[in-house]
Every structure is written in C-alpha cells, then in structure tokens.
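K.L.:
structure, please.
(chains A and B)
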Number of protein chains: 2
Amino acid sequence: MSKVRIGIAGYGNLGRGVELAIRQNDDMELAGIFTRRDPSTVKPLTAGAKVYKLDDAKNMQDKIDVMIICGGSATDLPKQTPELAQYFNVIDSFDTHARIPEHFANVDKAAKDNGHLAFISLGWDPGLFSLNRLYAESILPNGKSYTFWGKGVSQGHSDAIRRVEGVKRGIQYTVPVEEAMDAVRSGSQPELTTRQKHKRECYVVAEPGADLAKIEESIKTMKNYFDEYDTTVNFISEEEFDAVHNKMPHGGFVMRSGLTGDGEKTHQMIEYSLKLESNPEFTASVLICFARALNRMKNEGATGCKTAFDVPPAYLSKLTAEELRAKML
Amino acid sequence: MSKVRIGIAGYGNLGRGVELAIRQNDDMELAGIFTRRDPSTVKPLTAGAKVYKLDDAKNMQDKIDVMIICGGSATDLPKQTPELAQYFNVIDSFDTHARIPEHFANVDKAAKDNGHLAFISLGWDPGLFSLNRLYAESILPNGKSYTFWGKGVSQGHSDAIRRVEGVKRGIQYTVPVEEAMDAVRSGSQPELTTRQKHKRECYVVAEPGADLAKIEESIKTMKNYFDEYDTTVNFISEEEFDAVHNKMPHGGFVMRSGLTGDGEKTHQMIEYSLKLESNPEFTASVLICFARALNRMKNEGATGCKTAFDVPPAYLSKLTAEELRAKML
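P.N.:
Reported below is the predicted structural model:
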C-alpha cells in the first residue's frame, strides 16, 4: 500500500512535532516542508527532508496527499487554511473557539469549490476535549460539563508577562484548582467562578535593578489576563529559568457529572484527562492520525470541511475493521 | 420531527434503564416492551407503556425504529440479536470480548440479508472504553495501554460466591489497585500481573451454623475467579447486606502511556475514567444515544452490523452540526 504523503506548512514547534510524529507511523511519509522563511535557513530534523518556499507549494499538488498547516490561529490560519484548501486536502489546529463557525465556512467553500477535503480545529482542545464533551453530553443529557486546563504553559499569558517593563524572561503556568475538581467529582454539580477553577503561576527573570514589587503588581492586575485569577509571581535566576522552564507541558480535564434513573437521583461521572510533557508534540500526534482518516475519507469521495465530530473513529487506526473488533473492542 | 420509536427486548435491570433513559431524551419514545415472561406479570415504570410477548415482536415491524436488546451475553444475545435483526434495526451490549468476531458475523448476515442496521457491543466496556483505547492508541502508537475496572460489582463473581456451600447472600466488588494506577500514571509503563492490577472484596451473609473458615477458603481458592487475586471475605449480617450492598455501582479507567518526540523520550498520558452509581442505568444511557445515531445512519442507507468504531460522533447528539461546532468544539 502506498504511504500517505504529508506536507508540513510552517516549521515551528508544531511543524517539528508533525515531522517527528510521521516517524512513528510507517504508513506516512514526509513529502516536504513549506516555509515563509528562506528555505536554506531551515534545518529539518530528518536527513534528506526537502524544504520549499510556501509560495511554491501550489506547484506540488501531485506530490502531497495531506497538507498539515502548522501556523498560529490569530493571523496565520484564517488566511492560510482557506488558501491552501484550494490546492490540497488540509488539516489545521485552529483554536480560536469563538471564530470557528466563520473559519469553517471559509474553509468549506474553498475545499468544496476545488474538490478537496479539509479538517479544522484538531488537536486536544479543540479536538479530543471536544470529542469528550460531545460523547459525555450525548450520553448524560441531564448533567453539567466542566473543562479544566493545566498544569501547563499558556503562550498568550507568557507573552503578556514578557511585555511588562523590567521583565527579561517570563513563563506562565495555568494550574487547575484541585478543590474545584474534587467538588465536581463529588457529583454536587457546583457553579464555579473563574477564580475558583484555575490559578496562575508565573516565573520571571527580572532585568538588573528592576522594581520587583512593581513587576509583580503589574502582572497581578493585568486586565483580561490575570486580574480575575489568584496569581503568584516567582522571581528566579536566568540559570534556573533555562534549566527548569524550557519545556511546553500542558494538559487538562474534561468532566461530566450527570444524573440518571427514576427521579434522576443516580450520580454518574465521566472524566477524561491529558498529562502532556510536550503540548506541540502531542498536538502533532493528533494531527497525524487524523491525516490518516482524512486520506481514507477523501478516497471515499468526501469533500468540504469537517471536524473531529464527523470522523468515524475506526478511520484513525492503522488496524483493519476486523482487527479492531478482535483486539480493541 | 417524528420521534425515534424504541422497542425494549428483555425487561431486567438494563431494560428498565433503557426505559428511564428514553425519558431524558425528548426525541425518543417508548414503543413497547417485549418479554419472554407472561406480559401481564411485567409492571413497567412508565404509565401506559405496552408490554408484549417477545415472540409477537415480529408482527410490529412498522411500529419500531430501533429494538434495543437487553438480554445477557452468555446465552440470550448470541441467539436473540441475529434473530431480531431479521425484523428490526437492533442494538445490543454483547460483552463477551472473545466471541465478538463470531457474533458480529452472525448479526451482520441477518441484518444485511434483511436490509437492517445493527450496532453490537455497546455500553462502556465494550463501548466507551473501546473507543478510548482506539483513539489513544491511534494518537500514541509508541506506548502501552491499560484498563482497570472498578470499584464495582461483578455479577459473575457474585454468582460464583453464591454457589459456595453455606453462603446465603453474597456480592463481590472488583477494586483497582491504586499503586498500580499510580505506577502507570508515572509514565514508567510497568508490566503488571493480574494480582497487581485488581483486588477482590467479597461481602457474605452465611447460613446459620455454616463453617465460616471453610467458606472463606473456598472463595479465595476458587479457580478462574479468585485464585489469581488478593481477595478479602467479609461476613456481615443480612440487615447490613440489604442496607449497604443493594446497588450496582461500577466504573474503571482506560489509560495510555506513550512516548513522542526526537528519540521518543517525551512522556504523554491519556486517561479516561467512569465512576458510576448504577452500571445498568449508565449502560442504558449509552445504548439510547447510539439508537439516535443508528436511526440517522439507517436513514442514510447504512445496513449490516457496525460497532461504536464506525459511528461519527456527531450522530450521537441531538444538536445540529452547526450547533456542535459553535458550542462544543
């Protein structure tokens, strides 16, 4: 059987994660890396991997089965995914929840007009967490759902810290509050405020001579980022920062607490959680297994835009339907 | 929109659970209960619900969209599901893992020959746990999967206790070993023996004058049921038995510990768990939401036998595709 030929558009942390995930799936191969940078400056992890200008991708339509678009959700993907869907079957990890309907419509039109298939908003949230919300809410219609994130690095909040005057280096961890999760697990279906659900832990390397009290105050009171949370700010040395805070862990919890039975008094609890040492590597692993599903659905004639909700789970696996029933059911 | 008309074949704990689950889903209605008993002896929980002889079901094909078969896996379902699939679209919860391929083939033939659609082996294991094994193994191909059950009542082990001489009442709880689960969560991918994964806790009401030491010994050394486990036997009064051990709680954990990245050194952990106060009510809730999916797939022309692996998750929800993308993705 011929391998699924994967193109990677955008070669940051996620793009490198996709490159590494391809190695773990022997039914996939890397067809090329596409970048907005000068291709000669990009050094792939894989010996012999070809790097091209992103603008030249459209000339390689016959060499790529699925293009995985690894740009950011703020400005890259809203433009790149509809554009590349004209030329390729595409997958992205668009994660601006509020703008998903608009993004879906744009990608759907581009893909349908050109006979391509597109999967958007894949990864773990949106993605696996969305799937778990859907399964759990469909099974337990009388109930309440909760999503907790962390412990993990929030890129947006880390960027916000680094914009504070006197901050040389900074990283922010979102931390779910154990007491809140235990309250949910008890079946009491609590109403939880923003502050009750998550804490924010910041690690900062200050510039020499900076006013630490002022930095701490600026962070803790920052609107939209920190003011609604209990935030701790820890000042550390640059050595410690480099040694301890050089990874991108993340994860979280999706829970549904529901009631069933006569009089709806029986507590039922569904919980899904991820504990990830590398957020981009895990997200890439999700994208790659959905690329397998996309390729199959495309071969069956599907076109337009789809999400994780539309993919029969069996399509994600390398195993045949018979093997899945015998080994995994 | 017309409601999905549900038939219930077999009115034990699971059948009653299905009846109660229908009440929570306003796009479903109970079309009839079918029993091997004398219908006049069956008292439904729902006012006005009709009870029929199971043998008469075949005369009601135009009144039922989905027949949910609530018999046992040992002897009922291998016979009932292929038989009823001749006349109806059917769902069952067949859970004898080793015999699934054979059951699938029988049901598939009966359903295809008669233009019906059948879903088998639904519930939580097989069912939701199977789905989680499939998603997790597809995403993390380099890894190890673990399933733990409990704390919950095992019907088979409870039956086995009750066959011991001198036992008046008996119930058995399967208990996952916390230390084993924590070892899995650490990412060390341990090899675990049967004894290391689960404990068995028994509660027994002895006949007056029975030899308690002999009962305990008979239980603990029982082949295939208890001899490979650390088992505790607690003798209690009939009053305590009735007050404390009158429920059917269950649950469990599906975990996958995987490695990603350059050199495959990055630990990634996926965990899914259920904590159920009533096993049959929860299983029934799963069956009912898959009945919705079955009805949709049948209306699109699908026939034959399928499992949870073949169902696009969106089909389980009452929400439209647009609503799902806007609210749940």
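K.L.:
close to chain B: what parts of the stretch 151-300 of chain A are there?
P.N.:
Residues of the stretch 151-300 of chain A that fall close to chain B, judged by C-beta under 8 Å from any C-beta of the partner chain: A:185, A:251, A:258, A:260-262, A:264, A:266-278, A:281-282, A:284-286, A:289, A:292. From N, CA and C alone the C-beta is placed, and that goes for glycine too.
K.L.:
buried ones among these?
P.N.:
For these, a neighbour count by 16 or more other C-beta atoms under 10 Å in any protein chain shown gives the buried set as A:185, A:251, A:258, A:260-261, A:266-278, A:281-282, A:284-286, A:289, A:292.
K.L.:
out of the residues you listed, which sit inside helices?
P.N.:
Among those, DSSP state H puts A:185, A:281, A:282, A:284, A:285, A:286, A:289, A:292 in helices.
K.L.:
including pLDDT, could these go into CSV?
P.N.:
Below are these laid out as CSV (pLDDT from 0 to 100):
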residue, pLDDT
A:185, 97
A:281, 98
A:282, 98
A:284, 98
A:285, 98
A:286, 98
A:289, 98
A:292, 98
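K.L.:
what angle do the helix or strand hosting residue A:129 and helix B:128-139 make?
P.N.:
Element membership of residue A:129 [criterion: DSSP states H and E] is helix A:128-139. Helix A:128-139 and helix B:128-139 meet at an angle of 170 degrees, taking axes from the mean of the first three to the mean of the last three C-alpha atoms, to 10 degrees as the criterion.
K.L.:
could you point out which element follows helix A:128-139?
P.N.:
With DSSP H and E, the next secondary element past helix A:128-139 is strand A:143-149.
K.L.:
which elements pack onto that next one?
P.N.:
helix A:128-139, strand A:167-176, helix A:178-185, strand A:250-260 (3 or more C-beta pairs under 8 Å, 6 or more residues apart in numbering or on different chains; DSSP states H and E).
K.L.:
that one: what's the following helix or strand?
P.N.:
strand A:152-153.
K.L.:
close to chain B: what parts of the stretch 1-150 of chain A are there?
P.N.:
So the stretch 1-150 of chain A meets chain B at A:17, A:20-21, A:24-25, A:45, A:97, A:100-101, A:104, A:121, A:126, A:128, A:130-135, A:137-142 (C-beta under 8 Å from any C-beta).
K.L.:
would you mind listing which of those are buried?
P.N.:
Applying 16+ other C-beta under 10 Å to these flags A:17, A:20-21, A:24-25, A:97, A:100, A:104, A:121, A:126, A:128, A:130-135, A:137-141 as buried.
K.L.:
tell me the spacing between the residue in the stretch 1-150 of chain A that chain B sits nearest to and residue A:204.
P.N.:
With C-beta to the nearest C-beta as the measure, residue A:138 is the residue of the stretch 1-150 of chain A nearest to chain B, at 4.0 Å. Remark: distance between residue A:138 and residue A:204 (C-beta to C-beta, to the nearest Å) = 44 Å.
K.L.:
ok, residue A:139 next?
P.N.:
According to C-beta to C-beta, residue A:139 and residue A:204 sit 44 Å apart.
K.L.:
same thing with residue A:278?
P.N.:
Taken as C-beta to C-beta, the span from residue A:278 to residue A:204 is 23 Å.
K.L.:
do the same with residue A:142
P.N.:
Distance from residue A:142 to residue A:204, by C-beta to C-beta: 45 Å.
K.L.:
what are the boundaries of the strands in chain A?
P.N.:
A:4-9, A:28-35, A:51-53, A:66-69, A:90-92, A:117-119, A:143-149, A:152-153, A:167-176, A:198-206, A:230-235, A:250-260, A:266-276, A:304-306 (DSSP state E).
K.L.:
how about those, which one is nearest residue B:30?
P.N.:
strand A:250-260 (15.9 Å; C-beta to C-beta).
K.L.:
can you list the strands that that closest one pairs with?
P.N.:
strand A:143-149 (antiparallel), strand A:266-276 (antiparallel) (DSSP bridges).
K.L.:
can you name every helix or strand that the lowest-mean-pLDDT helix or strand in chain A contacts?
P.N.:
Least confident helix or strand of chain A, by mean pLDDT, DSSP states H and E, is helix A:155-162 with a mean of 93. Here helix A:155-162 touches strand A:167-176, strand A:198-206, going by 3+ C-beta pairs under 8 Å, 6+ apart.
K.L.:
tell me the buried residues in it?
P.N.:
So for helix A:155-162, counting by 16+ other C-beta under 10 Å, buried means A:157, A:158, A:160, A:161.
K.L.:
and what of stretch A:71-86?
P.N.:
In stretch A:71-86, the ones that count as buried by 16+ other C-beta under 10 Å are A:71, A:72, A:73, A:76, A:77, A:78, A:80, A:81, A:82, A:83, A:84, A:85.
K.L.:
before we move on, back to that, save the strands paired with strand A:250-260 as a markdown table, and put in distance to residue B:209 and mean pLDDT too.
P.N.:
Below are the strands paired with strand A:250-260 laid out as a markdown table (distance: least, C-beta to C-beta, whole Å; pLDDT from 0 to 100):
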| stretch | distance to residue B:209 | mean pLDDT |
| --- | --- | --- |
| strand A:143-149 | 49 | 98 |
| strand A:266-276 | 38 | 98 |
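K.L.:
where does the prediction get shaky in the stretch 151-300 of chain A?
P.N.:
Within the stretch 151-300 of chain A, no stretch has pLDDT under 70.
K.L.:
and the stretch 1-150 of chain A, by the same measure?
P.N.:
In the stretch 1-150 of chain A, residues with pLDDT under 70: A:1.
K.L.:
show me the contacts for residue A:54.
P.N.:
A:9, A:10, A:34, A:35, A:36 (C-beta atoms under 8 Å, 6 or more residues apart in numbering or on different chains).
K.L.:
same thing but at 7 Å, please
P.N.:
A:9, A:34, A:35, A:36 (C-beta atoms under 7 Å, 6 or more residues apart in numbering or on different chains).
K.L.:
residue A:48 too?
P.N.:
Per C-beta under 7 Å, 6+ apart, neighbours of residue A:48: none.
K.L.:
can you list phi and psi of it for me?
P.N.:
Taking degrees, to the nearest 10, you get phi 80, psi 0 for the backbone angles of residue A:48.
K.L.:
quick one: contacts for residue A:42?
P.N.:
A:11, A:33, A:35, A:51.
K.L.:
hang on, the first one packs against residue A:35?
P.N.:
Same thing as residue A:11. Yes. In this structure residue A:11 lies within contact range of residue A:35 using C-beta atoms under 7 Å: 5.1 Å.
K.L.:
would you reformat the contacts of residue A:54 as TSV and include neighbour count and distance to residue A:246?
P.N.:
Below are those laid out as TSV (neighbours: other C-beta atoms under 10 Å in any protein chain shown; distance: C-beta to C-beta, whole Å):
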residue	neighbour count	distance to residue A:246
A:9	28	26
A:34	27	27
A:35	18	24
A:36	14	26
